[in-house]
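1. Turn this into a structure:
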Amino acid sequence: MLDQNALSQLKSLKQDIQNNTPRFDGIVRGSHGRFGFVNNDQGQSYFLSPEEIEKVLPGDSVHFRVETLSDGKEQAFVERLIDSTLSEFCGRYIVRGKGHFIEADHASLNRWVFVPPAARLNANDGDYVCAKLTKHPFPQGKAQAEILNVLGSESLPGIQRLVMQARFGLDTEFSEAVHAEVAALVEQGLGDYVSERTDLTHLPFVTIDSAGTRDIDDALFAEAHTEGWTLWVAIADPSALVREGSALDNAAQARMTSAYFADSVIPMLPSELSEQLCSLQERVQRLAMVVEIRLAENGSVNEVKLHSAIIESHAKLSYNQVAQFISGTNEDIAAELHGPLLYLSDCAKALHQWREDNALVMEERPDYKLVLDETGQVQNIVRIERNLAHKLVEECMLVCNRSVALWLKERQAGFFIQQKGIRTERHGEAAMLLKEQLNLDKKPSLHELNEYVALVQQASKLDSELPVRTILSRQMDRSQFGQEATPHMGLGFECYTTFTSPLRKYNDLLIHRTIKSLLQDNSNPLVVNDELMQRIQNTQNQARQAANLAEQWLKLAWLAKQDKEQSYSATIVHMNSNSITVRFDDTGIEGSIDRRKAKDWTFDSKTMTHSKNEERFVLNQALRVIVQEVIPEKRSLKLRLA
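-> Residues are numbered from 1 along each chain as shown. A predicted model of the protein is given here:
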């Protein structure tokens, strides 16, 4: 038996161990497996075992200790829950015997959540539901939830969209107050606004869009001069009707963007405005903000003027009509529009060449359209190549947006889209790659716009086995909104903003308000604070993610019905040490090839290649692949090499 002195020493030793055990506050991060991690304020990451991750939820703020185990590895143990952000979620209802659960549709919540009998809302096995967490798993590791809403079964047409709308909180209905405001605007019409604006109805603007587009927000016209052109870009002006602080404005601000799903659109503004009263329809007068751009023969911008105007589109043209006209195979377009369309084509060619010489041109990517049947399932996936008209409109929108950005920069107003170039943690390897591939004397700096553009232009012209330009593009930082007119490194522009989609994007509508204020000589133009810019960014990202995930779910459901042994032509679009991501050439479907068990293969993060002796996988490489496993509802596609 230990005497009193020994017991005191043992107690003191335990207290010392307790005092010297590292403890932190941190945020829980889930994983695709049953384990997880927790990150402290210093950015350090610690492993959470399956037993520990069961006690918490992704995003939880916790207090934890770090212990070194017998194998020498450090592990985190949760001691206290500080705060939990996960409250409501969506998922699939699962009945197993007497147990009722929800399999959460969440990026890192990899568990079934128990639903007690009183909270089941008559949900059936296989239904998709919205739920609210009623019991946090800490400390016993047993979470519970109640059903808030049953969305429907897997066979319900549009269930993919409904799940994503609910998961990301996308509002699909406008309030009675909004409908009342819209009705009043429609009844009032545009007559009261005409006298206040520059009359440009004599200019034969045309709209060029997809044949079925109804929310038409841009119209174009060009005229030729001895030393270049004048390009007129007219943009629909909902800011004239959407009064700041109104119910309509609050609804647009809550949505921040229109969300485009395969079977429907959730508009930022009600269709009475976005598709009718504000849409630049053919042969009707419409309110527009017009950018008048004087272009030199080499595509450089000599002068920019902005007008609050009234215009009239002389024709609603489709991309295919205009592309056929430019190539000389369409005679259906009115003769009065032939000259302006040819001038637009010439403008676009000059603008593209200017970007080739002075900025950066992004890699071409086709679009893909889902053809749905009456049950809402994919019947076919059609690859749509970008034609001459798509490129014409793109060049006009790019020069319009960068011209507006420079106009705002001169007046120290507005806000901008900033893109800092290569991610900070990738700078070293990217600079070394360029040094080696371009045979430079030293590692280049990637911070200055002109030097960066020159380097990427050289990389684009390299005759190399490595796709250097593509490697650099996969290491770019995300763009973000900011008050300062800093360079957009990805486009190679001195500064950039977007002005051309105010029917669909709230930030564009705000830019319109700012410009109008400046045109009216207002010494206090609209100032958009950082908090609002961040909300715009987050809300638009969520809408985009919702649409992308719903589309991916639909595509994989279609793929699951195809021949299991069919092989597909694909292209490598991304790589890391664990996997190769490929995109199917005909359908745009993306999936991954697991490389963790590929013996004797190594991954080089600088060149983004997997190699073994003389064999090598590189970005943009063509492959043939076979489906190994496809789980549509989890948007998971695993492939193997054919």
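
2. Confirm that residue 436 sits in a strand.
-> No. Counting by DSSP: H, G, I helix; E, B strand; the rest coil, residue 436 is not part of a strand but helix.

3. distance of it from residue 462?
-> For residue 436, the distance to residue 462 equals 11 Å [CB to CB, to the nearest Å]. Where C-beta positions appear, they are placed from N, C-alpha and C, glycine not excepted.

4. who are the neighbours in contact with residue 112?
-> Taking CB atoms under 8 Å, 6 or more residues apart in numbering, we find residue 112 in contact with 94, 101-104.

5. what bridges to it?
-> When bridges are assigned using DSSP bridges, the partners listed for residue 112 are residue 103.

6. about what we covered before: quick check on the contacts of residue 112: which are buried?
-> Neighbour-count burial (16 or more other CB atoms under 10 Å) applied to the contacts of residue 112 gives 94, 101-104.

7. from these, which is closest to residue 562?
-> Of all the buried ones among the contacts of residue 112, residue 103 has the smallest distance to residue 562: 25.3 Å, by CB to CB.

8. That closest one and residue 114, how far apart?
-> If you measure residue 103 against residue 114 using CB to CB, the figure is 12 Å.

9. Check which element follows whichever helix or strand residue 356 is part of along the chain.
-> Using DSSP states H and E, residue 356 maps to helix 338-358. Past helix 338-358, further along toward the C-terminus, the next helix or strand under DSSP H and E is strand 367-372.

10. What residues of that next one count as buried?
-> Judged by neighbour count (16+ other CB under 10 Å), strand 367-372 contains these buried residues: 368, 370, 372.

11. domain parsing for this structure?
-> Taking automatic domain parsing as the reference, the chain has its domains at 24-83, 88-153, 176-415+499-550, 562-641.

12. Considering the ones you listed, which stretch scores lowest in mean pLDDT?
-> Taking the average pLDDT of each of the domains of the chain, the minimum falls on domain 24-83, with a mean of 91.

13. Can you tell me the element the closest residue to residue 338 other than its chain neighbours falls in?
-> Counting by CB to CB, 6 or more residues apart in numbering, the nearest residue to residue 338 once its immediate chain neighbours are dropped is residue 325, at 7.7 Å. With secondary structure defined by DSSP H and E, residue 325 is part of helix 319-326.

14. What angle do helix 338-358 and that helix make with each other?
-> Regarding helix 319-326 and helix 338-358, their directions subtend 90 degrees when assessed with axes from the mean of the first three to the mean of the last three CA atoms, to 10 degrees.

15. Can you mark which positions in helix 319-326 are buried?
-> In helix 319-326, the ones that count as buried by 16+ other CB under 10 Å are 319, 321-326.

16. and that helix, what does it pack onto?
-> With contacts defined as 3 or more CB pairs under 8 Å, 6 or more residues apart in numbering; DSSP states H and E, the secondary structure elements packing on helix 319-326 are strand 205-209, helix 338-358, helix 388-410.

17. Identify each buried residue in the second one, please.
-> Neighbour counts over helix 338-358 (16+ other CB under 10 Å) mark 340-341, 343-348, 350-352, 354-355 as buried.

18. quick one: which of those is nearest to residue 479?
-> Distances from residue 479 to the buried residues of helix 338-358, taken by CB to CB, are shortest for residue 355, at 17.4 Å.

19. Distance-wise, check the closest residue in space to the closest one that isn't next to it in sequence relative to residue 473.
-> Computed as CB to CB, 6+ apart, the closest residue to residue 355 that is not its neighbour in sequence is residue 361, at 5.3 Å. Using CB to CB, one obtains 11 Å as the distance from residue 361 to residue 473.

20. all strands for the stretch 1-150 of the chain, in order.
-> Under the criterion DSSP state E, counting those that start in this stretch, the stretch 1-150 of the chain carries strands at the ranges 23-29, 36-40, 45-48, 61-68, 74-83, 88-96, 99-104, 112-114, 128-135, 144-152.

21. Dump the ones you listed to a markdown table, plus distance to residue 641.
-> Listed next are the strands of the stretch 1-150 of the chain as a markdown table, based on distance: least, CB to CB, whole Å:
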| stretch | distance to residue 641 |
| --- | --- |
| strand 23-29 | 31 |
| strand 36-40 | 31 |
| strand 45-48 | 32 |
| strand 61-68 | 41 |
| strand 74-83 | 36 |
| strand 88-96 | 32 |
| strand 99-104 | 31 |
| strand 112-114 | 34 |
| strand 128-135 | 34 |
| strand 144-152 | 38 |
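
22. Out of those strands, the one nearest residue 180 is which?
-> Closest of these to residue 180 is strand 144-152, at 27.3 Å (criterion: CB to CB).

23. and the next element down the chain from that closest one?
-> By DSSP H and E, the next helix or strand past strand 144-152 is helix 159-167.

24. Now the element after that next one, going C-ward?
-> Heading C-terminal from helix 159-167, the first helix or strand you meet, by DSSP H and E, is helix 176-188.

25. what does that next one contact?
-> When contacts are taken as CB under 8 Å, 6+ apart, the neighbours of helix 176-188 outside the stretch itself are 174, 241, 246-248, 251, 270, 272-273, 276-277.

26. Report the buried residues of that helix.
-> Under the neighbour-count criterion of 16+ other CB under 10 Å, helix 176-188 has 178, 181-182, 185 buried.

27. In JSON lines: the helices and strands packed on helix 319-326, plus distance to residue 611.
-> Output for these, formatted as JSON lines (distance: least, CB to CB, whole Å):
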{"stretch": "strand 205-209", "distance to residue 611": "45"}
{"stretch": "helix 338-358", "distance to residue 611": "33"}
{"stretch": "helix 388-410", "distance to residue 611": "36"}
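
28. mind checking which of those is nearest residue 428?
-> Between residue 428 and those, the shortest separation by CB to CB is 27.7 Å, and it involves helix 338-358.

29. which one among the contacts of residue 112 gets closest to residue 55?
-> Distances from the contacts of residue 112 to residue 55 were compared by CB to CB; the smallest belongs to residue 104, at 16.2 Å.

30. Tell me if I'm right that the closest one and residue 128 touch.
-> No. The pair residue 104 and residue 128 does not pass the contact test of CB atoms under 8 Å, sitting 11.2 Å apart.

31. list residues touching both of those two?
-> With contacts defined as CB under 8 Å, 6+ apart, the residues shared by residue 104 and residue 128 are 90-91.

32. Which neighbouring residues are in contact with residue 297, exactly?
-> By CB under 8 Å, 6+ apart, the residues touching residue 297 are 227-228, 350.

33. can you check residue 76 too?
-> Here residue 76 is in contact with 26, 37-38, 46-48, 52, 64-66 (CB under 8 Å, 6+ apart).

34. Check residue 582 too.
-> So residue 582 contacts 570-573, 590-593, 623, 625, 639 (CB under 8 Å, 6+ apart).

35. can you do 6 Å?
-> Contacts were defined as CB atoms under 6 Å, 6 or more residues apart in numbering; by that measure residue 582 touches 570, 572.

36. State the helix or strand in which it lies.
-> Taking DSSP H and E as the criterion, the element that holds residue 582 is strand 579-584.

37. tell me the contacts of the spatially closest residue to residue 123 that is not a sequence neighbour?
-> Once flanking residues are discounted, residue 123 sits nearest to residue 93: 4.4 Å by CB to CB, 6+ apart. Residue 93 is in contact with 123, 127, 129, counting by CB under 6 Å, 6+ apart.

38. Then residue 471?
-> Contact analysis of residue 471 by CB under 6 Å, 6+ apart lists residue 608.

39. Fine by me, thanks again.
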